[in-house]
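Student: Sequence and predicted structure, then a few things I'm wondering about:
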Amino acid sequence: MRAVWLREFGDPEVLVPGPAPDPVPGPGQVLIEVAHTNLTFVETMFRATGFGPFPAAPPLIPGNGVGGVIAAVGADVEPDLVGRRVVSSTGGSGGYAERVVVDRGAPIEVPDGLPLDEAVAVLADGRTATMLVHAARLRRGERVLVEAAAGGVGSLLTQLATAAGAQVVAAAGGGRKVAVLRDRGLDPVVDYRQPGWTERVRAATGGVDMVFDGVGGQLARDAFDLLDPGGRMLSFGLASGAWADLPGDLAAARGVTLLRPSAGPAELRAFTEQALAEAAAGRLRPMIGQRFPLEQAADAHAAIESRATIGKTLLDIH
């Protein structure tokens, strides 16, 4: 089968297309014929440095989230699963390929009416966004700042927070991303690459009650300063390359709660199913900003690292 190999850590060019043996499902496993593969920023960090909760010993086929059709099953697995449309985590590797084998309990069936590419776009990001909004316990009328609002998770967070009755301020880096967010009906939208962006947020809202931090670094600290006493902040990403550095004693002195959500496998599966159901109902719209064929996985990683991407990036396999 066609696949993309990571044989050493480094720049995007270390992702090299090449043949791989066809996987065969063993007892308790299923074989997925992959249509689309989900790409994440964390995968680019793993490719570059080995960072992240993935297998850490190349050579390997990267890729942790796929969508496709179950093509075969192993022993002790119901044969009527063949032909079902599913999304699935791969356990950390194997997704940049035409076929992948996973345990029977890993795939989640895609609801009728939801295209496979949209299902893959909400597999990881929708699960994350749903979990974060659940942890934030948003209340109607709260002022919510979403950083990296043009990203995969951020674009879904803006929708979920709006549906919860919050007043959403969307923050993104660069004029193109700001324009896309405005086209999707968000207001106010600020460009955090421009000087004085926090003053524009304060002028529009007077301050905020909740920050979803998808950037980290200094920008997270600037966003923290916008929080009123009693506010909450939840860091979920490090697009800047560094996590937010917010000491607990500083937060306590400001009367701000730093949220650190966690969830077990059963809860994560439930959040994924909830996100898929919302997408199937048309209430959650993933933003697929760019797509690459399998053989151009290196180009996809380079685009993500350049901060030029909008929404979700997919590899189209079939």
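Tutor: Noted; the coordinates are in hand.
Student: Touching, residue 85 and residue 71? I think so.
Tutor: No. Residue 85 lies out of contact with residue 71 (Cβ atoms under 8 Å); the separation is 11.5 Å. For glycine as for every other residue, the C-beta is placed from the backbone atoms N, C-alpha and C.
Student: Which of the two has more residues huddled nearby?
Tutor: Shown here are residue 85 and residue 71; by other Cβ atoms under 10 Å, residue 85 has more neighbours (19 against 15).
Student: which residues does that one contact?
Tutor: By Cβ atoms under 8 Å, 6 or more residues apart in numbering, residue 85 lies in contact with 67-69, 109-110, 116, 119.
Student: now these: which count as buried?
Tutor: 67-69, 110, 116, 119 (16 or more other Cβ atoms under 10 Å).
Student: can I get the residues you listed in a markdown table with pLDDT and distance to residue 39?
Tutor: Listed next are the buried ones among the contacts of residue 85 as a markdown table, based on pLDDT from 0 to 100; distance: Cβ to Cβ, whole Å:
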| residue | pLDDT | distance to residue 39 |
| --- | --- | --- |
| 67 | 98 | 13 |
| 68 | 98 | 16 |
| 69 | 98 | 20 |
| 110 | 98 | 19 |
| 116 | 98 | 15 |
| 119 | 98 | 15 |
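Student: Go through this structure and flag its longest helix.
Tutor: helix 265-280 (DSSP state H).
Student: State the mean pLDDT of it.
Tutor: Here helix 265-280 scores 97 as its mean pLDDT.
Student: What of stretch 214-231?
Tutor: Averaged over stretch 214-231, pLDDT sits at 92.
Student: how far does it stretch from start to finish?
Tutor: For stretch 214-231, the first-to-last residue distance is 17 Å (Cα to Cα, to the nearest Å).
Student: Equivalent analysis for stretch 31-50, please.
Tutor: First-to-last residue span, stretch 31-50, Cα to Cα: 27 Å.
Student: which of the residues in it are buried?
Tutor: Neighbour counts over stretch 31-50 (16+ other Cβ under 10 Å) mark 31-47 as buried.
Student: got the angle between the host helix or strand of residue 118 and helix 265-280?
Tutor: Secondary structure assigned from DSSP states H and E places residue 118 in helix 116-123. Helix 116-123 and helix 265-280 are oriented at 140 degrees to each other (axes from the mean of the first three to the mean of the last three Cα atoms, to 10 degrees).
Student: who does the helix or strand following helix 116-123 touch, helix- and strand-wise?
Tutor: Per DSSP H and E, the first helix or strand lying C-terminal to helix 116-123 is helix 125-136. For helix 125-136, the elements it packs on are helix 152-163, strand 208-213, strand 227-235, helix 265-280, judged by 3 or more Cβ pairs under 8 Å, 6 or more residues apart in numbering; DSSP states H and E.
Student: For residue 5, see how far away residue 100 is.
Tutor: Relative to residue 5, residue 100 is positioned 14 Å away (Cβ to Cβ, to the nearest Å).
Student: before we move on, what about residue 121?
Tutor: Residue 121 is 25 Å from residue 5, by Cβ to Cβ.
Student: One more: residue 19?
Tutor: Taking Cβ to Cβ, one finds residue 19 at 9 Å from residue 5.
Student: same thing with residue 96?
Tutor: According to Cβ to Cβ, residue 96 stands 8 Å off from residue 5.
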